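# Sequence and predicted structure below; questions after.
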Amino acid sequence: MNHALVSISSRSGSERNMANIHKILETPRFNLKPLDEGNATQFAELCADPEVVKTLMSDWSTTEKRLANAKKWIGETQTHGIWGAFDRNGIFGKSGEFFGFCGVEEPLSPGGIGPSIFYAFSRLTWGHGVATEVVNTIISHQFLHKDIEAVEALVYSGLNPASSRVLEKSGMRLIGRYPLAGYVGEECIPTIQFELWRIENAAPQNANQCLRDAAFKIGQFVGDKISTKDEMYMALLDASATSGLVSDIGESSVMSIIDEFMVAGMAETGWLHYRIMKENFDRSRHS
């Protein structure tokens, strides 16, 4: 997946009206425009694709929840900025079409020393270097125009290798892990609920892979003691029955998948914490 994963912490009201201080940026192919609450519907519509948001914290299962999340994420990232990615030349659709976002939030706690980057893009753009292009531009903007020491990012351990590659291409290096609950405890239960919803509502051709992804992700929460293995095992089995997957491949096959991928997730707990320091910033890489 072409996005890093972070949570959004609260900001003051005065910081939520700062979109006009952020500049329109350009990459070789795209325009990056500062987002404000007027873009919340576009943001929410992008997040209606479960594949786009499956490595983002929170519950994205309904129109109302997606819009509320969009307003919250946009409103709470105005200090460092959040940009919408717009297709300048119609490479992936209509010219000027919105296809993703990239934002920068407050420094990570407890181990962060610089603001943290996060992003998500339409599936149409995956595999075309879009995330690297946009992330490089945002990192460059932060170092060249903000008084910061480092830029950081969090990625689900073991679940999001594509995002790890994007960050490494951008000059970031893995420095450690955070426990899930310690950083975004309030979002953990809604995220588990969203994973169960994804299984229940998966198309038949996607249900098997969806269960694998969800069991792994929920296993990470179990490993961080946010819920119990027995409780999540039964919840995953019930969701698989609701989706029809139990009928399609049999209960024993579903149980085997849950066992394998939940245990794998429990062994890969926490966030992977990436960082690039200002002194290691290579301007030529980010031009």
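Everything's here; your move. Residues are numbered from 1 along each chain as shown.
# Please make it C-alpha for all contacts and neighbour counts, starting now.
Fine.
# What is the distance between the worst-scoring helix or strand of the chain on mean pLDDT and the centre of its chain?
The weakest-scoring helix or strand in the chain, judged by mean pLDDT, DSSP states H and E, is helix 180-200 (a mean of 88). Relative to its parent chain, helix 180-200 has a centroid offset of 13 Å by CA atoms, centre = their mean, to the nearest Å.
# could you dump it to CSV, C-alpha only?
Extracted in CSV, the C-alpha atoms of helix 180-200 (Å, rounded to 0.1, in the frame of the first residue of the first chain):
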residue,chain,number,x,y,z
LEU,A,180,0.0,0.3,18.9
ALA,A,181,-2.0,1.0,22.1
GLY,A,182,0.6,3.4,23.5
TYR,A,183,0.3,5.7,20.5
VAL,A,184,-3.3,5.6,19.3
GLY,A,185,-5.2,3.7,22.0
GLU,A,186,-8.5,5.5,21.4
GLU,A,187,-8.5,4.4,17.8
CYS,A,188,-7.8,0.7,18.4
ILE,A,189,-11.3,-0.6,19.0
PRO,A,190,-12.9,1.4,16.1
THR,A,191,-10.1,0.0,13.8
ILE,A,192,-10.9,-3.6,14.9
GLN,A,193,-14.5,-3.0,14.3
PHE,A,194,-13.7,-1.7,10.8
GLU,A,195,-11.7,-4.9,10.1
LEU,A,196,-14.6,-7.1,11.0
TRP,A,197,-16.9,-4.9,8.9
ARG,A,198,-14.5,-5.4,5.9
ILE,A,199,-14.7,-9.1,6.2
GLU,A,200,-18.5,-9.1,6.5
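# Give the buried residues for it.
Neighbour-count burial for helix 180-200 flags 180-181, 183-184, 187-189, 191-200 (criterion: 16 or more other CA atoms under 10 Å).
# and what of stretch 157-177?
By neighbour count on 16+ other CA under 10 Å, the buried set for stretch 157-177 is 157-164, 166-174, 177.
# what about it, how long is it end to end?
In stretch 157-177, first residue to last residue: 8 Å (CA to CA, to the nearest Å).
# Flag the shaky bits of the protein, pLDDT-wise.
The chain contains residues with pLDDT under 70 at 1-20, 183, 283-287.
# quick one, helices of it?
Under the criterion DSSP state H, the chain contains helices at 40-46, 50-53, 63-75, 130-145, 161-169, 180-200, 207-223, 229-243, 245-249, 251-266.
# Ok, which of these comes nearest D87?
helix 130-145 (10.4 Å; CA to CA).
# what about that closest one, distance to the chain center?
Its chain's C-alpha centre and that of helix 130-145 lie 17 Å apart, by CA atoms, centre = their mean.
# Report all helices and strands that that helix contacts.
Using 3 or more CA pairs under 8 Å, 6 or more residues apart in numbering; DSSP states H and E, the elements in contact with helix 130-145 are strand 97-105, strand 150-156, helix 161-169.
# rerun that using 10 Å as the cut-off
With contacts taken as 3 or more CA pairs under 10 Å, 6 or more residues apart in numbering; DSSP states H and E, helix 130-145 sits against strand 25-26, strand 30-34, strand 82-87, strand 97-105, strand 116-121, strand 150-156, helix 161-169.
# could you check the angle helix 161-169 makes with that helix?
Angle of helix 130-145 versus helix 161-169, following axes from the mean of the first three to the mean of the last three CA atoms, to 10 degrees, is 40 degrees.
# what angle do helix 130-145 and strand 116-121 make?
Using the same axes, to 10 degrees: helix 130-145 against strand 116-121 is 150 degrees.
# what's the angle between helix 130-145 and strand 150-156?
Here helix 130-145 runs at an angle of 150 degrees relative to strand 150-156 (the same axes, to 10 degrees).
# Which residue is the nearest non-sequential neighbour of S247?
Distance criterion CA to CA, 6 or more residues apart in numbering; nearest residue to S247, sequence neighbours excluded, is A241 at 7.1 Å.
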